[in-house]
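Visitor: Got a predicted structure plus its sequence, pasted below:
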Amino acid sequence: MSYPMPELDAISRQLANSDRPKKAKMLVVDDEPDNLDLLYRTFRRDFQVLKAESGVRALEVLAAEGEVAVIISDQRMPEMKGTEFLSRTVPQFPDTMRIILTGFTDVEDLVEAINSGQVYKYITKPWDPNELKAVVQRAAETYELLKQRTEELQRSQAQTALLSTIVNVTQNTNGLEACLFPIAMALGKSFSADVCILQLVEGNVLVDKLGVYSAEGAIEPWLEKDPLTKEAIASKQMQTAVNIPEDDTLSALGHYTTSGIQAHLIIPAIYRGEVLAVLSLQWKQPRSLREDELVLLYLSAQHTALALTCTRFYQPVT
């Protein structure tokens, strides 16, 4: 799959068509089977609903399933109160929205839980289904907003860190070739790649000047044999193969078989219309890439092209 390089919006448009939103996860916790089933039936159309009959079991479900958008928990349960269970979920899942169901006047527990941010809302039993649905909908929307802001902050921090690394490498290395490995290592580690190669291009042809980062020791570079690399240079477009074993054309190539690479992304680093280098990230397992990861990689490649240009034309006085 390829992505147009000149406009970042084009990447977003293509990915929007392929990434269909999944149902958000929610967890319902109640020691009464009838209530548990009622909660499940109420929300199963709009959410992926997980069930647990106790706080202890709910913690096990979260450990296995990971973060959920909303938790609805009964307050009065054996072994562990709802507020105690919910408080235990805060450190690992701070963005999750927590709703407590109570038929009792446990004012102190509820006030403390709400004031400490452990509970988003409490609902008294017997609850009104429409009221509960409205509360859960608002909670899910709040969760999505928090996750969006968190991801935006993380993207901004990651972009700043990578740009800083590229700038520092450019300023503190002598010569063009000397900066290739540090940039490849920074990008490879940032995206948990098994291999990252930054290889120079001259006249639309790969040259034997490259930096190779490998998480498992020395490797034999093979980009000159790779059709994705050739297409990236010729088209000036990002090329991706997220599951090579399912691609008959690529899986038949010897270099993918011998290297064990199952996912490959390659981006041309372009300055003023000229491909100066290619950035190759390789993983030994199928790897899907989020839109924000692709955009960050695109920006990093273009920052790299600018850095290579500066390094090429500036030689320190010795």
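Guide: Done, it's in. Numbering: from 1, shown residues only.
Visitor: Tell me who's in contact with residue 207.
Guide: Residue 207 makes contact with 199, 200, 201, according to C-beta atoms under 8 Å, 6 or more residues apart in numbering. Just so you know, the C-beta spots here come from the backbone N, C-alpha and C atoms, and that holds for glycine as well.
Visitor: And residue 289, by the same measure?
Guide: Residue 289 sits next to 240, 242, 265, 297 when contact means C-beta under 8 Å, 6+ apart.
Visitor: Return the member of those nearest to residue 259.
Guide: residue 265 (14.8 Å; C-beta to C-beta).
Visitor: For the contacts of residue 289, which entry has the maximal number of neighbours?
Guide: Among the contacts of residue 289, residue 265 has the most neighbours (other C-beta atoms under 10 Å), with 26 neighbours.
Visitor: so that residue makes contact with residue 298?
Guide: No - look at residue 265 against residue 298 with C-beta atoms under 8 Å: they stay out of range, at 10.4 Å.
Visitor: what's the following helix or strand after the lowest-mean-pLDDT helix or strand in the chain?
Guide: Least confident helix or strand, the chain: helix 8-18 with a mean of 46, by mean pLDDT, DSSP states H and E. Next helix or strand after helix 8-18 toward the C-terminus (DSSP states H and E): strand 24-29.
Visitor: With only the CA atoms kept, save that following strand in CSV.
Guide: Taking C-alpha atoms only, strand 24-29 is exported to CSV below (Å, rounded to 0.1, in the frame of the first residue of the first chain):
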residue,chain,number,x,y,z
ALA,A,24,-15.9,0.7,22.7
LYS,A,25,-15.3,-1.8,25.6
MET,A,26,-17.2,-1.5,28.9
LEU,A,27,-17.1,-3.7,32.0
VAL,A,28,-20.2,-4.3,34.1
VAL,A,29,-19.7,-5.7,37.6
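Visitor: tell me the angle of the longest helix seen in the chain relative to strand 24-29?
Guide: Scanning the chain for the helix with the most residues, using DSSP state H, yields helix 129-172. Helix 129-172 runs at 130 degrees relative to strand 24-29, counting by axes from the mean of the first three to the mean of the last three C-alpha atoms, to 10 degrees.
Visitor: by contact count, what packs against helix 129-172?
Guide: strand 24-29, helix 33-43, strand 70-74, strand 97-102, strand 121-124, helix 180-190, helix 291-313 (3 or more C-beta pairs under 8 Å, 6 or more residues apart in numbering; DSSP states H and E).
Visitor: Quick check: which of the ones you listed is buried the most?
Guide: strand 70-74 (a mean of 26; mean count of other C-beta atoms under 10 Å).
Visitor: As CSV, the helices and strands packed on helix 129-172 with mean pLDDT and distance to residue 279 would be great.
Guide: Listed next are the helices and strands packed on helix 129-172 as CSV, based on pLDDT from 0 to 100; distance: least, C-beta to C-beta, whole Å:
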stretch, mean pLDDT, distance to residue 279
strand 24-29, 96, 34
helix 33-43, 94, 44
strand 70-74, 95, 40
strand 97-102, 92, 39
strand 121-124, 87, 47
helix 180-190, 88, 7
helix 291-313, 83, 5
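Visitor: Residue 257: which of these is closest?
Guide: Nearest to residue 257 among the helices and strands packed on helix 129-172 is helix 180-190 (21.7 Å), distances taken as C-beta to C-beta.
Visitor: just checking, next helix/strand downstream of that closest one?
Guide: strand 195-202.
Visitor: quick one: residue 239 is in a strand?
Guide: Yes - counting by DSSP: H, G, I helix; E, B strand; the rest coil, residue 239 is part of a strand.
Visitor: can you pull the contacts of it?
Guide: Contacts of residue 239 (C-beta under 8 Å, 6+ apart): 1, 2, 228, 229, 231, 232, 264, 265, 266, 267.
Visitor: Residue 223 against residue 206, yeah?
Guide: Yes - Residue 223 lies in contact with residue 206 (C-beta under 8 Å); the separation is 6.1 Å.
Visitor: Quick check: neighbours shared by these two?
Guide: With C-beta under 8 Å, 6+ apart as the test, residue 223 and residue 206 both reach 199, 229, 278.
Visitor: How about residue 297: what's its closest non-neighbour residue?
Guide: Distances taken as C-beta to C-beta, 6 or more residues apart in numbering put residue 267 closest to residue 297, at 6.0 Å, once the chain neighbours are dropped.
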